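Q: coords please:
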Amino acid sequence: MRLVYFSPVPWHSFTQRPHQFVNWFHARTGAEVLWLEPYPTRLPMLADLQRKRPGNQAGSQPAMAKATPEWLSILSPRSLPIEPLPGSGLLNRWLWNGILQAVKAFVDQGECWLGIGKPSELALQVLARHPGIPSVYDAMDDFPAFYQGWSRAAMAGREQKIVAMVSRLLVSSTLLASRFAGHHVKLALTLNACETSGLPPATLPNRPDKPVLGYVGTIGHWFDWPLVVALARANPAFCIRLIGPVYSMPPTPLPGNIELLAACDHATAIRAMQGFSVGLIPFKCTDLTASVDPIKFYEYRALGLPVLSTRFGEMARRSEEAGVFFLDGAADLVSQVRGALSYGSGLSDIAAFRTANSWATRFDASGILS
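A: Sure thing, here's the model as predicted:
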């Protein structure tokens with residue numbers, strides 16, 4: 001068995017759903033994997049020229065030292081950043097000739113799957129050249145929502161073509177499942193999960209004397225700074241600890257009980273979460289977040305932490321789940337924090353959550369290999 005995988009993220013980035021998918025596929029089939037790195041799928045914007053590359057400043061993302069397993073090979077397609085334009089596939093195909101030949105040589109060696117983690121013209125061309133082999137599109141985000149204008153419309157069109165061509169379709173949220181309901185025969189709702197193998201043994205949370213409401217992750221335009229500031233002011237005796245790269249600056253000076261710490265590797269992040277009293281997910285409710293199932297929810301709960309979240313995306317459907325508390329315009333920010341702090345998970349609850357929400361359990365349930 002073999003797998004050609006078009007990834008939305010580089011292999012040498014922090015571990016995300018694409019890495020988990022190919023690791024699972026290899027574990028279940030022994031497959032060799034040909035991993036294709038992402039390339040620009042939208043027109044360049046002025047902000048791209050103005051954006052500084054993250055360095056070693058506080059909050060920047062640390063470099064990843066991820067090993068490349070012997071069963072995985074990496075190809076990096078070159079392209080002109082013109083993909084949304086008509087005819088871009090013809091122009092870029094001259095740059096992709098070597099890639100297309102390498103994919104064909106890989107596919108021709110034996111039974112093979114095509115896996116697509118992000119729509120692209122290159123993925124469409126490979127699907128068209130190899131129509132007889134099984135294929136899966138893992139819709140893990142609302143990809144068109146990341147773009148604007150022509151780029152957004154072009155991404156939506158490419159996605160629809162890929163959905164129509166693949167033999168199996170995975171979606172990471174209920175809203176995405178609704179969008180692609182017309183393809184229900186090949187569709188499987190496959191929510192995100194947690195890398196349980198990298199977690200410490202299940203123990204009851206070690207609650208600090210001074211409660212810590214903590215967040216680990218990128219702080220981007222989806223991060224609800226006004227809500228976090230209001231939360232800090234309503235609970236001045238508690239620490240709000242935010243760990244991760246900051247790409248969206250707070251609109252006002254921060255209260256003294258908000259700590260901003262630099263990004264760290266995953267193992268360090270897990271240790272930091274063990275020092276939290278409550279896990280925060282303070283995201284805005286937008287078109288982009290409407291399709292999001294946050295992996296940090298699974299990590300927080302797998303460590304036994306209660307979760308304080310806004311009602312975005314898949315989180316809005318978790319009002320009946322144990323350990324989930326909501327922050328919104330109608331919520332009392334003091335009482336919700338007190339409710340979260342009073343919640344406690346048992347060891348059996350933590351173990352059961354980890355078993356039910358591991359990546360292996362999730363992808364096994366998708367049925368794509370059955």
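
Q: send the alpha carbons of the helix or strand harbouring residue 33 over as CSV?
A: Using DSSP states H and E, the element containing residue 33 is strand 32-36. Taking C-alpha atoms only, strand 32-36 is exported to CSV below (Å, rounded to 0.1, in the frame of the first residue of the first chain):
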residue,chain,number,x,y,z
GLU,A,32,4.9,4.4,2.1
VAL,A,33,3.9,8.0,1.9
LEU,A,34,4.8,10.6,-0.7
TRP,A,35,4.1,14.0,1.1
LEU,A,36,3.6,17.0,-1.1
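
Q: Give the other helices and strands that that strand contacts.
A: Contact here means 3 or more CB pairs under 8 Å, 6 or more residues apart in numbering; DSSP states H and E; on that basis strand 32-36 packs against strand 2-6, helix 17-29, strand 72-75, helix 88-107. Backbone N, C-alpha and C define where each C-beta goes, glycine included.

Q: switch to 7 Å and redo it
A: strand 2-6, helix 17-29, strand 72-75 (3 or more CB pairs under 7 Å, 6 or more residues apart in numbering; DSSP states H and E).

Q: Provide a complete list of residue ranges assigned to helices in the stretch 51-200 of the chain.
A: 88-107, 121-129, 149-165, 174-179 (DSSP state H, counting those that start in this stretch).

Q: So for residue 359, which of the ones you listed sits nearest?
A: helix 174-179 (18.1 Å; CB to CB).

Q: So what's the gap between that closest one and the chain middle?
A: In terms of CA atoms, centre = their mean, to the nearest Å, the centre of helix 174-179 is found 16 Å from the chain centre.

Q: what do you get for stretch 342-356?
A: 23 Å.

Q: which other residues reach it?
A: The contact list for stretch 342-356, computed with CB atoms under 7 Å, 6 or more residues apart in numbering, reads 194, 196, 199, 202, 204, 301, 302, 304, 306, 323, 361.

Q: circling back: export the helices and strands packed on strand 32-36 to a markdown table and tack on mean neighbour count?
A: Listed next are the helices and strands packed on strand 32-36 as a markdown table, based on neighbours: other CB atoms under 10 Å:
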| stretch | mean neighbour count |
| --- | --- |
| strand 2-6 | 24 |
| helix 17-29 | 20 |
| strand 72-75 | 15 |
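
Q: Please identify which of those is closest to residue 245.
A: The nearest among the helices and strands packed on strand 32-36, by CB to CB, is helix 17-29 at 18.8 Å.

Q: ok and the closest one relative to strand 2-6, angle-wise?
A: Between helix 17-29 and strand 2-6, the angle comes out at 170 degrees (axes from the mean of the first three to the mean of the last three CA atoms, to 10 degrees).

Q: for this protein, what are the low-confidence residue spans?
A: For the chain, the stretches flagged by pLDDT under 70 are 45-65, 329-330.

Q: quick one, domains of it?
A: 2-190, 196-355 (automatic domain parsing).

Q: and of these, who's closest to residue 367?
A: domain 2-190 (6.1 Å).

Q: sorry, back to before: pull up the pairing partners for the strand holding residue 33, direction included.
A: Here strand 32-36 is paired, per DSSP bridges, with strand 2-6 (parallel), strand 72-75 (parallel).

Q: And the contacts of the shortest one?
A: With contacts defined as CB under 7 Å, 6+ apart, strand 72-75 is touched by 11, 22, 33, 34, 35, 36, 37, 68, 99, 102.

Q: re the thing from before, using TSV, please lay out the helices of the stretch 51-200 of the chain together with distance to residue 286.
A: Output for these, formatted as TSV (distance: least, CB to CB, whole Å):
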stretch	distance to residue 286
helix 88-107	28
helix 121-129	26
helix 149-165	14
helix 174-179	12
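
Q: okay, the ones you listed in JSON lines with distance to residue 338 and mean neighbour count next?
A: Converted to JSON lines, those look like this (distance: least, CB to CB, whole Å; neighbours: other CB atoms under 10 Å):
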{"stretch": "helix 88-107", "distance to residue 338": "55", "mean neighbour count": "15"}
{"stretch": "helix 121-129", "distance to residue 338": "49", "mean neighbour count": "19"}
{"stretch": "helix 149-165", "distance to residue 338": "42", "mean neighbour count": "17"}
{"stretch": "helix 174-179", "distance to residue 338": "30", "mean neighbour count": "18"}
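
Q: Correct me if wrong: residue 124 contacts residue 159.
A: No - judged on CB atoms under 7 Å, residue 124 makes no contact with residue 159 at a distance of 10.1 Å.

Q: Could you report the distance from the residue nearest to residue 28 when sequence neighbours are not counted to residue 201?
A: Using CB to CB, 6 or more residues apart in numbering and skipping residues adjacent in sequence, the residue nearest residue 28 is residue 369, 6.0 Å away. Counting by CB to CB, to the nearest Å, the gap from residue 369 to residue 201 is 30 Å.

Q: Look at the two and report which has more neighbours.
A: residue 369 (15 against 7; other CB atoms under 10 Å).

Q: about what we covered before: now the strand holding residue 33 and helix 121-129, what's the angle there?
A: Using the same axes, to 10 degrees, strand 32-36 lies at 130 degrees relative to helix 121-129.
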